[in-house]
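Q: fold the stuff below for me.
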Amino acid sequence: MGLLDKIKETRDLKGLGIEGLTELAQEVREDILAVVSENGGHLASSLGVVELTLALHYVYDTPADKIVWDVGHQAYCHKLITGRRDSFRTLRKEGGLSGFPKRSESPYDAFDVGHSSTSISAALGMAKARDMKGEKHKVAAVIGDGSMTAGLAFEGLNQAGHLKSDLLVVLNDNEMSISSNVGALSSYLSRIITGQRAERFKRDTESFLKKLPSAFGDPMLKAASRAEDSIKCLFAPGLLFEEMGFSYVGPIDGHDLGMLVETLKDLRERQGPVLLHVITKKGKGYEPAELNPTAFHGTPPFDVESGTTSKSSGMSYTDIFGTALIELAREDSAIVGISAAMPEGTGLSKFAEEFPDRFFDVGIAEQHGVTFACGIAACGMKPVTAIYSTFLQRSYDQVVHDLCMQELPVVIAMDRGGIVGEDGETHQGLFDLSYLRHIPNLVLMAPKDENELRHMLYTALKIGRPAAIRYPRGKVEGVPLDPEFRELPVGKAEVLSEGADLTIFAVGNTVGPAVKAAAALTEKGFSAGVVNARFIKPMDRELVKCLAGSTKRILTVEENVLAGGFGSALLEVMEEERITGIPVRRLGVPDIYVVQGTQAQIRRRLGLDSEGILKAAEAFLIEGR
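A: Predicted structure coming up:
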């Protein structure tokens, strides 16, 4: 029996010495590798924080003391040592453990997470609640360096420095978020080193060294000059965080358990806000992940021995988007690509290689990314901002105020629209049709296949107004691609087949299943047609009015919440056009957060696959007899 078998809760760690913790760290890594290689998941980040996780739970009295994980994709070790080892093999499976901390799953999970940069604000709120209630427990936030590129993190730091509550912020510096870090933080640190405090430090050091005998002083002065960059790295971060009201400690080795434990013991007794800077290595302990942490950030199942993933062959919608944008950018020098720390995930990495002067990674800063794109568009360029649907939620105000109010020609490419899968509630792209379609001046569209995605991107760049294209995660339909791009008529749907008994209005990737359902209905003796909506906004009003005289019932299908979605939009059009007497049924996502599972499992669960659409349509038709 290994040490991990004996760890049922965090108090079981307390009897282990540093050697025991070191042995346990190895066992934890073996478990993480075994499960993620089978299930897929976030590997490199979780391997990188094993020692830090063990040290935190060893020193702190969890769950009474609160540890708030940022993003939470690095919390696999945390799950293994907090009573979930026996169920760890269900990680990210339907009905199993979430891939992120989840309060309903364990009392050790202090805060639900999945999006970045929330930890400091949440932990500060917990610390103030503790103070107001007269309690004495400790609160710690663990945030990666990539998450520090978001404004929310600095808003939390700013308030924490002002309130002076006891709070530990652990900055996990692995020199990389999902993609390479970007931003001006390093430049700011370089500038701040020229400030008065830094200059005084340098002058005092030089004065001291010059007083030493030349045999000693001169070599040390030369060494100090050569090491100026190192001095900046070690000294300047302290200036930044101390100016914000934090006591700064570090940087220290995030894989040295002895140093981590001793440092955390000391900091646990300190008063006020403290920032501990630890240096870790993504993928630590597994060479393929150490060498290529991007590939092993969010990975499908893979072979542990070779590091080869079992990623399915074939093009994805993301690939099609990236390739199409490159083709269009070769012909139009005004096209600009923008990513929010996800050039690989959004298909823009090859665009960045071919057009480095026309590509910008703004870091984990979706709000800034949209307004930045608006500034570019205001000066005559054509920015395309690629952001996952779930992350675009953070930019809602910017889309309303900066983009659509000014009618700027920015294209938002919404990847992962609809059901995403194993990442669960925090990552499903199920709200975008609702939170975008009510914004004036915005054209909102969703392609039924990869060929239509190419034409929609071309159309969005041609129309010279705000446009958003929503497309799903995963493999394409396998249809042939037209040799030339084609501009689609804005607001016009595509009638794929006509049906006297029922017309199915389908959105995006629900069109294919709707076509299969309609074919099955025909075999059962019903006359069922399918409309590819194409445009959620503006909707094809003329077609809706035309169908009012040719079909008996309408069924809408969308991978979006029903509240305010496409079906609601169609009902609004019917009310405005005074169309009555045609029953409408909406099929989509009810008023819930959709938990994890494969995309196929979730679609089956929600009745959004072809069988579910058929069942709903048949029941609807039978009601009318």
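Q: which parts of stretch 48-63 are buried?
A: Going by neighbour count (16 or more other CB atoms under 10 Å), the buried part of stretch 48-63 is 48-60, 62-63. (C-beta placed from N, C-alpha, C; glycine too.)
Q: which regions of the stretch 101-250 of the chain sit below the pLDDT cut-off?
A: The model of the stretch 101-250 of the chain has pLDDT under 70 over residues 175-238.
Q: helices of that one, start to end?
A: Along the stretch 101-250 of the chain, the stretches classed as helices by DSSP state H, counting those that start in this stretch are 119-133, 151-163, 185-192, 196-211, 214-226, 228-243.
Q: distance check, Val515 against Leu496.
A: In this view, Val515 and Leu496 are 6 Å apart by CB to CB, to the nearest Å.
Q: ok, back up a step: among the buried residues of stretch 48-63, which one lies nearest to Phe302?
A: For the buried residues of stretch 48-63, the residue nearest Phe302 by CB to CB is Gly48; the value is 17.2 Å.
Q: for that closest one, give me its contacts.
A: By CB atoms under 8 Å, 6 or more residues apart in numbering, Gly48 lies in contact with 74, 172, 174, 254, 280-284.
Q: can you tell me which of those residues are buried?
A: Neighbour-count burial (16+ other CB under 10 Å) applied to the contacts of Gly48 gives 74, 172, 174, 254, 280-284.
Q: min pLDDT across the residues you listed, which one?
A: Least confident by pLDDT among the buried ones among the contacts of Gly48: that is Asn174, with 80.
Q: surely that residue is in contact with Gly144?
A: Yes - counting by CB atoms under 8 Å, Asn174 touches Gly144, with 6.6 Å between them.
Q: overlap in contacts, the two.
A: Here Asn174 and Gly144 have Ser45 as joint contacts, going by CB under 8 Å, 6+ apart.
Q: residue contacts, Thr10?
A: For Thr10, the contacting residues are 57-58, 62-63, 81-82, 108, by CB under 8 Å, 6+ apart.
Q: at 10 Å instead, please
A: Counting by CB atoms under 10 Å, 6 or more residues apart in numbering, Thr10 touches 54, 56-58, 60-63, 65, 67, 78, 81-83, 108.
Q: repeat that for Lys93.
A: For Lys93, the contact set (CB under 10 Å, 6+ apart) comprises 38-39, 87, 99, 422, 596-598, 601.
Q: could I get these as TSV with secondary structure?
A: Shown next, in TSV, are the contacts of Lys93 (DSSP: H, G, I helix; E, B strand; the rest coil):
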residue	secondary structure
Glu38	helix
Asn39	helix
Ser87	coil
Gly99	coil
Glu422	coil
Gln596	coil
Gly597	coil
Thr598	coil
Gln601	helix
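Q: what do Val515 and Leu496 both touch?
A: Common contacts of Val515 and Leu496 (CB under 10 Å, 6+ apart): 448, 504, 506, 529-530, 532.
Q: and those, which is closest to Leu547?
A: Closest to Leu547 out of the shared contacts of Val515 and Leu496 is Gly529 (8.6 Å), distances taken as CB to CB.
Q: what is the distance between the host helix or strand of the closest one and the centre of its chain?
A: Using DSSP states H and E, Gly529 falls within strand 528-532. The chain centroid and the centroid of strand 528-532 are separated by 34 Å, computed with CA atoms, centre = their mean, to the nearest Å.
Q: ok so, going back, most neighbours among the contacts of Lys93, which one?
A: Gly99 (28 neighbours; other CB atoms under 10 Å).
Q: tell me the contacts of that residue?
A: The contact partners of Gly99, by CB under 10 Å, 6+ apart, come to 36, 39-42, 46, 72-73, 75-76, 79, 91-93, 114, 298, 422-424, 426-427, 596.
Q: ok, and the closest non-adjacent residue to Gly99?
A: Nearest-residue entry for Gly99: Arg92, 4.5 Å, with adjacent residues in sequence omitted and distances by CB to CB, 6 or more residues apart in numbering.
Q: helix, strand, or coil at the one you found?
A: Following three-state DSSP, Arg92 is assigned to coil.
Q: what distance do you get for it to Leu502?
A: Applying CB to CB to Arg92 and Leu502 gives a distance of 37 Å.
Q: and those two? which has more neighbours close in?
A: Leu502 (25 against 22).
Q: how about that one, phi and psi?
A: The phi/psi pair for Leu502 (degrees, to the nearest 10) reads phi -150, psi 140.
Q: one more: Gly272?
A: Backbone torsions for Gly272, taken as degrees, to the nearest 10, come to phi 80, psi -180.
Q: domain parsing for the protein?
A: Taking automatic domain parsing as the criterion, the chain consists of the domains 3-174+245-291, 185-243, 317-470, 494-623.
Q: of these, which stretch is the most buried?
A: Burial of those is given as mean neighbour count (mean count of other CB atoms under 10 Å); domain 317-470 ranks first at a mean of 22.
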